[in-house]
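>>> Here is my input; please provide its structure:
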Amino acid sequence: MNFTKADLQKETTYKASRSGGKGGQNVNKVSSKVELLFSVDNSALFTDEEKLLLNDKLQNRFNKDGLVQVICDEERSQYLNKEKAIERLSVLLTKALHVPKVRKAAKVSKAAKAARLEKKRQTSAKKDSRKKNFDD
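Okay, the predicted model is just below:
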């Protein structure tokens, strides 16, 4: 997981196209939508184990050519969209490489169990004392 945004930028390819959305006439004239493509298999940033993990976790993010695809068209400038796309890719790869810790099953101690049962008895006794007796 030793990669920087600069490293990612070197290994990505970009496509720019016209985008819908806010911008008015600007949308019709400027290619501000950015499509970022990144090849996990051809990357020198990751080890073979990391590549397997990325391929497994990012299966649904691959396009038909086997590249991770990130599209950004939120901003009016191509530069800002490119920066946002790199940031999204970085977050995506970082999350995919994260391996959660294995949970160790813990047993409830005897003292804690006894205290819980005692508290239940006290609550039960308290509620029993509130009941009206119909024997009288």
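>>> Got the phi and psi for Cys72?
With angles defined as degrees, to the nearest 10, Cys72 sits at phi -140, psi 120.
>>> That one bridge partners, please.
On DSSP bridges, the residues paired with Cys72 through beta bridges are Val34.
>>> looking at it, it is touching Ala85, isn't it?
Yes. Using Cβ atoms under 8 Å, Cys72 makes contact with Ala85 at a distance of 4.2 Å. To be clear about C-beta, it is placed using only N, CA and C from the backbone, and glycine gets the same treatment.
>>> higher neighbour count, the two?
More neighbours surround Ala85 than the other of Cys72 and Ala85, with 25 against 22 (other Cβ atoms under 10 Å).
>>> Could you check how far the more buried one is from Thr12?
Per Cβ to Cβ, to the nearest Å, Ala85 is found 8 Å from Thr12.
>>> Now do the shared contacts for the two.
Leu36 (Cβ atoms under 8 Å, 6 or more residues apart in numbering).
>>> So which residues of the protein form strands?
Remark: strands assigned in the chain by DSSP state E are 12-17, 33-38, 68-72.
>>> re the thing from before, any residues in contact with both of Cys72 and Ala85?
Listed contacts common to Cys72 and Ala85 are 34, 36; contacts here mean Cβ under 8 Å, 6+ apart.
>>> Single out the most deeply packed of the strands of the chain.
Using mean count of other Cβ atoms under 10 Å, the stretch among these with the largest mean neighbour count is strand 33-38, at a mean of 21.
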